[in-house]
Structure formats: structure tokens, C-alpha cells
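Visitor: what would the 3D arrangement of this be:
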Amino acid sequence: MHDSYYHNPMNEKLLNSIIGIFEELKLGPLTAETLSRILIGVGVVLLSFLLWLISVKIVLRFVEIIVKRTKVTWDDDLVNQGVFRRIARTVPAITIWVMAPWFLTGLPKLLNLTRIFAVLGIISAVTLTSLSFLRFINAVYERREDSARRPIKGLIQAFQVLFIAAALMLAFSIITAKPVSGLFAGLGAVSAVIMLIFKDPLMGLVSGFQISSNDMVRIGDWIEVPSQGADGDVVDISLLNVTVQNWDRTWVTFPIQSLTTGGFKNWRGMSESGGRRIKRSLSIDLSSIRFLNEDEIEELKSISLLKGYLENRTREIQEDNKKTGADRGASPLNGRALTNIGVLRTYAKAYVSSHPKVNAGMTLMVRQLQSGPEGLPLELYLFSADKVWANYEDIQSDIFDHLFAALPEFGLRAFQNPAGSDLQGISSALIDKEKK
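Guide: Next up, the predicted model:
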């Protein structure tokens, strides 16, 4: 630094005038100089504190009053995120940086040290202001309707990390009196260590960019991540973590890269569609499946949902059997006939199609699956119009309550494995038979 900086005539004149006052009080030259420097230093510190106090107590409050009276909301975020308060913190450091030569003139080493601390204070205040301003940008962005679709919190945090890293490098450069370019050259030797230290932030940044660009997850989405024990709504997406509130009201926070490396299920498609899928089966006892006779068909015609179907189907079967000459009296296997399981399948489809809480405009079918040791599965595949979980469960239960209760009307039984009471009844019957 230029020699005039350390030996400014104006600063020396101020110092010498105060030294002269102390010498008039019969103090020695060294004592007079020391007390003069301390007096001016204390004055500078008090002045910096006074300017900071004015900035915070007067200027900042005046700004807050103006902000509250405006109709826009973004200026409220500037205050709430502490941007102006962080700016006020630069005032003491700038004051000391400017006025340090007043009491340290002629002492270059001490002046340099003081100026270094002042510059570090300015860097710290500016960095904090930058971080607050980035949070302000995120707060303004989150007010937009599409903010949940493209959250930028992870990107904002990435910039905050870059700002902090830049501030640390600049501070290190000032302390060591080495150019920043030289520090960059030295980073190559420790790049492996840096990559290890910042592995999670870098992976989080890449994962966050992938998730955001592909619109994989939004705030408010219902996701399932079994490996992390997460099953609920996404409430926060940051640079490193995703926070999910489970349905039991617990909170789960896990690394964001788990979504791209481990896989997850997103229920957004269901939420945005016209319904929520119901896919469940009735297991029918195979021994209860049989042909229907004419009396049973006539009795089932009293069911309004089946009357038209049975009349048309009966007429069609009679005409077909007449053409083929099938003798139904000789054997029930001759020709075509209605079965109780077939009529139940038709009834189940008609019932759910007419249900007021089922979306009939989406896929709806009732089908038989492969029979097995647990009977014949009759599967219902449909979508409820109400997607709220509790309501969805009620709709699903109501449908199957009705169908289970309707089985005896068709001469069918639901399959179930023998319980203890069933086996006990069989044993008792065998014992009674032996006694007779």
C-alpha cells in the first residue's frame, strides 16, 4: 500500500494536536501519544456503534413503516428475511475501515491488521446480506401458484453454498495476502478431499436438478418411499433432504438422492385424475356355482338392475337352443343356460355402474380370475369419484358390504378356510354318528 496511506498529513495533524493537549498536562511524549491513539480509537468505535444504532433504530424502523404502508408484498419479504438488518451490519465495519488511519497513522503493521479485521467484517456482513436476499427470492417465488410445481429451494441453497465458499476463499486470500487465482490453482491438489467433503451437497444438487427438470416430485405430492419409511405428503424439498409428513402425523426426513437412486411411488396421477382406483376380489366357493332354473330366474327378475338383462338374455338363450335343438330336459349341459356366478357378475357391474360415488366414465369391469385353493376370485376394477382417503375407504367398504350380503340371493357362498369352530362342529358330528 502507498506510503501516504500510512502517513497521511491530516491524520498526523489530528493526532499531533491531541498529543499536544496531553503534553500540556505534563505527560511524557510516549504516554501522551498512547493516550491520544486510545482516545481517537475509542471515539471511532463509539462512532461506528452510534451509526449502527441509527441505522437499526431509526433508518430501519422508518423503512419498515414505509413497507407496511405499501400494497405490494415483496417488500414485506425483504424485511422478514432480514435483508435491511444485514445491510446495517456493514456500517460499523466500513466506519472502522475508513477511520482506522486516524488513530493508527504511523503504525503500518497495526493499521494493516485492523483493516484486515474490518474487511473480514464487511465480507461477513455482505455474505449474510446475500444469503438473506436469496431467501427473499425464494419467499417471493413461493407465493406463485406454480411454485410447488417447480420448487427452487434446493437451487437457492446451492447458491448459498457457493456464496459462502466464495466468501471463505476471499477471506483466506486477504488473511494470507495471496491472490484468489493462486488459491484456485491449489484446489487441484485437494480436489479429491473437497469432493469427499461436499459429496452429499453435490449429489443433492444433481438429484434436485433431475427431480425438478423431470417434474418427478412437487411439494404437496403423496409419495411412498418404503426404504425410508415415508408414506405421506411432501412438505419440503431442500438441497440435501426431502421432508414427508406421514399419514400417522409423523415426519420423515431423508436424503434427496434416495428418490433417484432407490425409487419411489408418486400418487399425483391419482390425485389429478377423476378418481381413485378400487381393485379388490370376492372369493366365491366353487361348490356353490351352478346353473339357474326357471323359477330362480323369475325370482331374480324382481331385482330392478337385472330385470332387463334377464329378459333379454333368457329370450336369446331360448332362441339359440331352439335353433340348435338342444334338449335341456335330458341334461343341463345341453345348450346354453344362465349360471348364478354369471348373473352375479352382471349384477355387480350394474350395481357399481349405478353407484353415485363411482366414476362411471373411467375403466370399470367385473372379471373372473384364475380359480385356486381359495375358490374363484371375482375381481372388481373401478374408480371412486371421491379421492379423499377416508371417503375412498368408506365407498369401497360399502360396495363390498352390499355384494357379500347379496351372495345368498344368487345361491352362492363366499369362500373361507375352516375355522376352529367349523372343525369342532365336524368332530362333534362324527362322534354323534359313531354313537348311533
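Visitor: list the contacts for Gly229?
Guide: If you count contacts by C-beta atoms under 8 Å, 6 or more residues apart in numbering, Gly229 has them with Asn246, Val252. Bear in mind the C-beta positions are built from the backbone N, C-alpha and C, glycine included.
Visitor: likewise for Val234?
Guide: Each residue near Val234 by C-beta under 8 Å, 6+ apart is listed here: Val217, Arg218, Ile219, Gly220, Asp221, Trp222, Ile223, Val242, Thr243, Val244.
Visitor: mind putting the residues you listed in TSV, pLDDT, distance to Val343 and neighbour count included?
Guide: As requested, the contacts of Val234 are exported to TSV (pLDDT from 0 to 100; distance: C-beta to C-beta, whole Å; neighbours: other C-beta atoms under 10 Å):
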residue	pLDDT	distance to Val343	neighbour count
Val217	84	47	22
Arg218	82	47	19
Ile219	82	49	17
Gly220	81	45	12
Asp221	85	43	18
Trp222	84	39	17
Ile223	88	42	21
Val242	87	51	29
Thr243	90	52	17
Val244	91	47	25
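Visitor: secondary structure for those residues - can I get that in TSV?
Guide: Converted to TSV, the contacts of Val234 look like this (DSSP: H, G, I helix; E, B strand; the rest coil):
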residue	secondary structure
Val217	coil
Arg218	coil
Ile219	coil
Gly220	coil
Asp221	coil
Trp222	strand
Ile223	strand
Val242	strand
Thr243	strand
Val244	strand
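Visitor: which member of those residues is positioned nearest Thr324?
Guide: Closest approach between these and Thr324, by C-beta to C-beta: Trp222, at 55.4 Å.
Visitor: may I have the beta-bridge partners of that closest one?
Guide: Beta-bridge pairing of Trp222, defined through DSSP bridges, involves Asp233.
Visitor: likewise for Gly375?
Guide: Counting by DSSP bridges, Gly375 forms beta bridges with Gly372.
Visitor: and it, what pLDDT?
Guide: On pLDDT, Gly375 comes in at 91.
Visitor: hmm, it is touching Leu286, no?
Guide: Yes - contact status for Gly375 versus Leu286: in contact at 5.6 Å, counting by C-beta atoms under 8 Å.
Visitor: those two: which is more packed in?
Guide: More neighbours surround Gly375 than the other of Gly375 and Leu286, with 20 against 14 (other C-beta atoms under 10 Å).
Visitor: residues in contact with that one?
Guide: Taking C-beta under 8 Å, 6+ apart as the definition of contact, the neighbours of Gly375 are Ser283, Ile284, Asp285, Leu286, Ala414, Phe415.
Visitor: show the buried residues in those.
Guide: Among the contacts of Gly375, those scoring as buried are Ser283, Ile284, Phe415 (criterion: 16 or more other C-beta atoms under 10 Å).
Visitor: pLDDT value on the second one, please?
Guide: In other words, Ile284. Listed pLDDT for Ile284 reads 94.
Visitor: okay, which residue is most central for the protein?
Guide: When the chain is reduced to its mean C-alpha position, the nearest residue by C-alpha atoms, centre = their mean turns out to be Val234, at 2.8 Å.
Visitor: got the phi/psi numbers for the closest residue to it other than its chain neighbours?
Guide: Leaving aside its sequence neighbours, Val234 sits nearest to Asp221 (C-beta to C-beta, 6 or more residues apart in numbering; 5.0 Å). Here the main-chain torsion angles of Asp221 (degrees, to the nearest 10) amount to phi -70, psi 150.
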